[in-house]
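J.: structure for this input, please:
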Amino acid sequence: MKIKKIIYIFVAIALFIVAGCADTDTDKEKEIDNGNEVDNNDDDDDNENDENDNLISVRGVFFSRRSTTMDLSQELFLVYTVVPFDASNKDVIWSSSNPEIAEVGADGKIIALSLGTTTITVTTKDGDFSDECQLTTVSSYWYVVADSSTRSLIGAFWNSGNYFHRGANGVDNAFEYWPQAHCLNAVISAYERTGDTFYRNYFDNWYTGVRSRNGNRFTNNYYDDMQWNALAMLRVYNITNDPRWLNEINIVWADIKNGWTTQAGGGILWAKNNTYKSSVSNSPASILASRLYQLGGNESDKTWAINIYNWVKATLYVSSTGAVQDGVTPPNTFDTRVFSYNTGTFLGAAVELYKITKDMTYINDAVRAADYTINNLTDGGDRGVLSTWGTGDMGLVNGIFIHYLTELILCDAISATNRARYAEFVRYNANSLWNRAAWKRAGQHTLFGGSWVYKPAHGLPNNDNGGGVSFKTQASGAMLIEACALLEKNRLISR
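T.: Sure thing, here's the model as predicted:
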């Protein structure tokens, strides 16, 4: 009997304990439902705590070097290490103290933009640890060559009367109006490349000197000459915003439009006292009109740009080959010769019209003109180099072609294949000019003749294949080298 009582007591105690535990669990559930208590024994929380226990925190980040250099044609990734090596979150954030010198992307790729020094910083997302590397950008190969070329143009041909004279080193101080534009173009390109006030200081001097030598005005008897200069002045205006330049451009543009006649179906005359209509008295006018439209939004300028282009295309452009004939004497006497500046300015006009219309027809026209030139106007002693046209006025034509070909290369509408092909063509011509044809003497200006294959006669009496040197051939060569430096800056070519 006593044993039964003892058993009953134990059973009662056990039931009491079990009931108490059940009540406790029920209370906990109610408390959780009311948001008053979190059960630390919950399975999910246990898992989360386990995961946190397994995370490995970052304790630092370090560059492999404290400082480095890169040239303007390079892209660079700096080597860095996050410690410990098995840290759970190695994500980092990049920054540059001076993005105008070099910018850095989210992936750490650094792109040099101008000469100078900046600090590149890498910072971990976990723990906010950071390290710094001092980056100095230096001149690239074609940057240095371009400086030498354009400074030689200035040093050998700039006159104290504030214009570029015809002969090297004061041999011939004669003034000619139309080449002033192309000399200025080379100087503008050098300023855009470097930001150096050495080049910019020539802008105002050029304005004063050329205007004075041209009769205190920029208008002229030749419509193409006015177009060249107006285009160069517009580049200066876009840099300086000086209204003097735009005022003169508008005066010249109004005069140019007066050259349009209905003979031969339209087109602008070559000169005021001549009926000949040249491709280069029209295509540059179309470029000018397109750029004025982009600047001011005047629909009349856009209409002029299209109408002039359409006349050249219908009258002088050979669509089956891409050739652009030199011109026509009304009613229908054609000069079927094709010079590189005929195709160059035509493709330049096409590129500008594409920019304002997005019509791929213009790009297709430009590509055919470029291909025609590369395939047919490259017999200057090397089939990869533009033909030699002489040292007179024609000494400038190749530089003009390269100038506008470069704008086609930089246009986003052309294929990657054509961009690479044209960029290599520019590089090959520049390499030939600089390494084969340039006249170089220690302590003297580097001079360019009419050929980009053979050295000029100046200083080399036993080799006159390249002819003499003038400010036209020098400007043409400088435009080529500046174009090459621009393509290098855009990482489209290397040395």
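
J.: I'd say residue 433 and residue 482 touch.
T.: No: the pair residue 433 / residue 482 is not scored as a contact, 12.0 Å apart, by C-beta atoms under 8 Å. Where C-beta positions appear, they are placed from N, C-alpha and C, glycine not excepted.

J.: more neighbours, those two?
T.: Between residue 433 and residue 482, counted using other C-beta atoms under 10 Å, the more crowded position is residue 482 (31 against 26).

J.: and that one, how close does it get to residue 324?
T.: Residue 482 sits 24 Å away from residue 324, going by C-beta to C-beta, to the nearest Å.

J.: residue 144 now?
T.: For residue 144 relative to residue 324 (C-beta to C-beta), the value is 35 Å.

J.: how about residue 479?
T.: Here the criterion is C-beta to C-beta. By it, residue 479 lies 19 Å from residue 324.

J.: look at these two and report which has more neighbours.
T.: residue 324 (29 against 26).

J.: OK, contacts around that one?
T.: Contact analysis of residue 324 by C-beta atoms under 8 Å, 6 or more residues apart in numbering lists 279, 283, 312, 316, 317, 318, 338, 342, 343, 346, 369, 372.

J.: give me the nearest residue to the second one, chain neighbours excluded.
T.: So the one you mean is residue 283. residue 345 (3.7 Å; C-beta to C-beta, 6 or more residues apart in numbering).

J.: I'd guessed the one you found sits against residue 281; true?
T.: No: Residue 345 is beyond contact range of residue 281, at 9.8 Å (criterion: C-beta under 8 Å).

J.: neighbour count for these two, which is higher?
T.: For residue 345 versus residue 281, neighbours defined as other C-beta under 10 Å are more numerous around residue 345 (32 against 27).

J.: quick one: the more buried one and residue 290, what's the gap?
T.: Counting by C-beta to C-beta - residue 345 and residue 290 are separated by 12 Å.

J.: residue 441: which element?
T.: Counting by DSSP states H and E, there is no helix or strand that carries residue 441.

J.: backbone phi and psi for it, please?
T.: When read as degrees, to the nearest 10, the backbone of residue 441 gives phi -140, psi 140.

J.: give me the neighbour count for it.
T.: Neighbourhood size, residue 441 [other C-beta under 10 Å]: 9.

J.: distance of it relative to residue 398?
T.: Following C-beta to C-beta, the distance that separates residue 441 from residue 398 is 24 Å.

J.: ok, and what's touching stretch 435-448?
T.: With C-beta under 8 Å, 6+ apart as the test, stretch 435-448 has contacts from 148-149, 151-152, 155-156, 168-169, 433, 449, 451-456, 458-460, 466, 469, 473-474, 476-478.

J.: and stretch 283-298, what's buried?
T.: Neighbour counts over stretch 283-298 (16 or more other C-beta atoms under 10 Å) mark 283, 284, 285, 286, 287, 288, 289, 290, 291, 292, 293 as buried.

J.: cool, and stretch 382-394?
T.: Result for stretch 382-394 [16+ other C-beta under 10 Å]: buried residues 382, 385, 386, 387, 388, 389, 390, 391, 394.

J.: follow-up on the earlier one: now, which of the contacts of stretch 435-448 lie within helices?
T.: Members of those lying in helices (criterion: DSSP state H): 148, 149, 151, 152, 155, 156, 473, 474, 476, 477, 478.

J.: okay, and the closest residue to the last one other than its chain neighbours sits in which element?
T.: Same thing as residue 478. Counting by C-beta to C-beta, 6+ apart, residue 478 lies nearest to residue 186, which is 4.0 Å off, once chain neighbours are set aside. Assessed by DSSP H and E, residue 186 sits inside helix 179-194.

J.: identify the residues contacting residue 187.
T.: For residue 187, the contacting residues are 150, 153, 154, 199, 202, 203, 206, by C-beta under 8 Å, 6+ apart.

J.: from what I see, residue 224 and residue 283 are in contact.
T.: No: counting by C-beta under 8 Å, residue 224 sits too far from residue 283 to count as a contact (9.4 Å).

J.: domains of the protein?
T.: With domains defined by automatic domain parsing, the chain comprises 2-54, 60-138, 141-489.

J.: out of those, which one sits most buried?
T.: Using mean count of other C-beta atoms under 10 Å, the stretch among these with the largest mean neighbour count is domain 141-489, at a mean of 20.

J.: how much space between residue 235 and residue 323?
T.: Separation of residue 235 from residue 323 (C-beta to C-beta): 28 Å.

J.: swap that for residue 131, sorry
T.: Between residue 131 and residue 323 the distance is 59 Å, computed by C-beta to C-beta.

J.: next: residue 101.
T.: For residue 101, the distance to residue 323 - C-beta to C-beta - is 45 Å.

J.: cool, residue 364 as well?
T.: The gap separating residue 364 from residue 323 is 15 Å, by C-beta to C-beta.

J.: got it, and residue 300?
T.: Going from residue 300 to residue 323 by C-beta to C-beta gives 31 Å.

J.: partner residues bridging the closest residue to residue 74 other than its chain neighbours?
T.: Spatial nearest neighbour of residue 74, excluding adjacent residues (C-beta to C-beta, 6+ apart): residue 112 at 6.1 Å. Note on residue 112: beta-bridge partners residue 102, judged by DSSP bridges.

J.: residues contacting residue 112?
T.: 70, 71, 72, 73, 74, 76, 101, 102, 137.

J.: now do 10 Å
T.: By C-beta atoms under 10 Å, 6 or more residues apart in numbering, the residues touching residue 112 are 69-76, 101-103, 118, 135-138, 140, 489, 491.
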